[in-house]
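In: Here is my input; please provide its structure:
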Amino acid sequence: MPPKSKFARPLAGLDLSKKSNKDLIDLFNEHLDEGMHGLCFSPYMEGQEPGDQLSEEQVRRRLEIIKPHTEWVRSFSCTEGNELIPKIAKELGMKTLVGAWLGKDHSINADEIEGVIEVAKAGHADIVAVGNEVMYRKDLTEDELIDHINTVKAALPDVQVGYVDAYYEFSNRPRITEACDVILANCYPFWEGCALEYSLLYMKDMYNRAMAAGNGKKVIITETGWPNVGEPFYGSQPSFENAIKYFIQTQAWSKEDDIEIFYFSSFDESWKIGDEGDVGAYWGIWDKEEQKKFVH
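Out: A predicted model of the protein is given here:
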């Protein structure tokens, strides 16, 4: 990572209002080439979706594409080939935040917990996330989730263990916050209808709320991003220009204030349209054909 500037930036971030599209693309790629803290990994190719088996070849190919641009990679599951992501990432010299995907199916949850413990015991996990937005989806009770977190912590006493959810859940659910070694907060100004012009300030407030809830525990932003295509969400407007500006502001803040951020996401994935509407497929830095999207 480059050294921090001796000059602090305004709270609202860089003034990009007078930048041409060419200037924005150049600045985007400067940040991309300098490298970022972390990237969320998108393993599913066109025609695939969760439930399909991932191949070692596709996982390795995509990790090799992102490796020059990120220190950490985040995975979301430890079954159906997802367990290969941290293993191969480690071979490539990357750090890993490894997730166990929990939902309503207790049998699948047991497989995920067993899988993430196995991955971490093999030395392939630097941080473990037990569940992703489980409270937001209301898939489990607090007690059920805390039991899973405590099971993993008991099995992995030397690994930091946390849980990923929207930033406000850590204020609303102090028992879960207490169970976590580290606070893993998703911060999406886009999904709260925030206009791009105010989005960096909005994300800073989300982060600070998670910090207050954590009461001294480390906070990592585990997801944030901005789609480049799709219908507006209240005041949030997906566009090529807005996606570039959000990435630039996020990376500049991350470097300026040493904020650990996993950007969402690495590759466009068409299956996400089902859950998120038409914007769901367009959160990637690379497109579904694994080509850079923001180029001249």
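
In: contacting residues for residue 11?
Out: 200-201, 204 (CB atoms under 8 Å, 6 or more residues apart in numbering). All C-beta spots, glycine's among them, are computed from the backbone N, C-alpha and C.

In: Among those, name the ones in strands.
Out: Within the contacts of residue 11, no residue falls in strands by DSSP state E.

In: Of those residues, which is the most crowded?
Out: residue 200 (24 neighbours; other CB atoms under 10 Å).

In: My understanding was that that one contacts residue 253; is that so?
Out: Yes - in this structure residue 200 lies within contact range of residue 253 using CB atoms under 8 Å: 6.3 Å.

In: quick one: common contacting residues for the two?
Out: residue 13.

In: which element is residue 97 on?
Out: For residue 97, the host element (DSSP states H and E) is strand 95-100.

In: so how far is that strand off the chain centroid?
Out: Centroid separation between strand 95-100 and its chain, computed with CA atoms, centre = their mean, to the nearest Å, is 11 Å.

In: for it, packing partners?
Out: The criterion is 3 or more CB pairs under 8 Å, 6 or more residues apart in numbering; DSSP states H and E, and the helices and strands that strand 95-100 contacts are strand 70-75, helix 84-91, helix 106-121, strand 127-132.

In: Restricting to C-alpha, output the longest one in PDB.
Out: The one in question is helix 106-121. Output in PDB follows, covering the C-alpha atoms of helix 106-121 (Å, rounded to 0.1, in the frame of the first residue of the first chain):
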ATOM      1  CA  HIS A 106     -29.900 -27.300   9.900                       C
ATOM      2  CA  SER A 107     -28.300 -30.200   8.000                       C
ATOM      3  CA  ILE A 108     -26.500 -27.700   5.600                       C
ATOM      4  CA  ASN A 109     -25.600 -25.500   8.600                       C
ATOM      5  CA  ALA A 110     -23.900 -28.500  10.200                       C
ATOM      6  CA  ASP A 111     -21.900 -29.200   7.000                       C
ATOM      7  CA  GLU A 112     -20.900 -25.500   6.800                       C
ATOM      8  CA  ILE A 113     -19.700 -25.400  10.400                       C
ATOM      9  CA  GLU A 114     -17.700 -28.600  10.000                       C
ATOM     10  CA  GLY A 115     -16.300 -27.300   6.700                       C
ATOM     11  CA  VAL A 116     -15.100 -23.900   8.100                       C
ATOM     12  CA  ILE A 117     -13.500 -25.600  11.100                       C
ATOM     13  CA  GLU A 118     -11.700 -28.000   8.800                       C
ATOM     14  CA  VAL A 119     -10.500 -25.100   6.500                       C
ATOM     15  CA  ALA A 120      -9.200 -23.100   9.500                       C
ATOM     16  CA  LYS A 121      -7.500 -26.100  11.100                       C
END
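
In: packing partners for it?
Out: Against helix 106-121 (3+ CB pairs under 8 Å, 6+ apart) you get strand 95-100, strand 127-132, helix 142-155.

In: for the ones you listed, which one sits closest to residue 229?
Out: Of all those, strand 127-132 sits nearest to residue 229, with 24.0 Å by CB to CB.

In: can you give me the angle the closest one makes with strand 70-75?
Out: Here strand 127-132 runs at an angle of 40 degrees relative to strand 70-75 (axes from the mean of the first three to the mean of the last three CA atoms, to 10 degrees).

In: partners of strand 127-132 in the sheet?
Out: Strand pairing for strand 127-132, determined by DSSP bridges: strand 95-100 (parallel), strand 160-166 (parallel).

In: Redo the ones you listed as CSV? Include distance to residue 152.
Out: Putting these into CSV (distance: least, CB to CB, whole Å) gives the following:
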stretch, distance to residue 152
strand 95-100, 7
strand 160-166, 5
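
In: Throw those into CSV and include mean pLDDT, mean neighbour count and distance to residue 43, thanks.
Out: What follows is those, written out as CSV (pLDDT from 0 to 100; neighbours: other CB atoms under 10 Å; distance: least, CB to CB, whole Å):
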stretch, mean pLDDT, mean neighbour count, distance to residue 43
strand 95-100, 98, 26, 12
strand 160-166, 98, 25, 17
